[in-house]
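Colleague: model the structure of this input:
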Amino acid sequence: MNVGLIAHDSKKKLMQNFCIAYRGILSKHSLYATGTTGRLIEEVANLSIHKYLAGHLGGAQQLGAQIEHNQMDMVIFLRDPLTPKSHEPDVNRVVRLCDTYNIPLATNLATAELLIRALDRGDLEWREMYR
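Modeller: Now for the predicted structure:
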């Protein structure tokens, strides 16, 4: 399955720790991430990740395009709702696209853990039929 990973600056360390903890599950899937997030994950978790541009340079738009083309099965987007971003429209677009195209989306650690365990159990296999 194709898993998208995005993290705002204040959540990047949390994303690294999440990927270390769930490396065994994530390594079985194709991972996509915005540039900086992907590089930081690769450094600590030894996972192979297809990296887009940095989020503020268009990486969020690239991930959004993959969602629009039904090429993403799940997105983990650890976002900081308290710090406004200059590229907020791109950020909100990813969330809106996940809702529009029925892509499971986690925006915080608690939901990310639920989704990653569901992925491991095969609960998201319906995405294969949906494509």
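Colleague: could you find the closest non-adjacent residue to residue 14?
Modeller: residue 78 (5.7 Å; CB to CB, 6 or more residues apart in numbering). Glycine gets a C-beta too; all of them are placed from N, C-alpha and C.
Colleague: isn't that neighbour up against residue 110?
Modeller: No - using CB atoms under 8 Å, residue 78 makes no contact with residue 110, being 10.9 Å away.
Colleague: more neighbours: these two, which one.
Modeller: Between residue 78 and residue 110, counted using other CB atoms under 10 Å, the more crowded position is residue 78 (22 against 9).
Colleague: where in this protein is pLDDT low?
Modeller: By pLDDT under 70, the low-scoring segments of the chain are 84-90, 130-131.
Colleague: would you state the strands of it in chain order?
Modeller: Counting by DSSP state E, the chain has strands at residues 2-7, 30-33, 49-51, 74-78, 105-106.
Colleague: returning to that earlier point: quick check: bridge partners of the residue nearest to residue 14?
Modeller: In this entry, residue 78 is beta-bridged to residue 7, by DSSP bridges.
Colleague: where do the helices sit along the protein?
Modeller: Per DSSP state H, the chain carries helices over the ranges 12-21, 23-26, 35-45, 59-68, 88-100, 109-121, 126-130.
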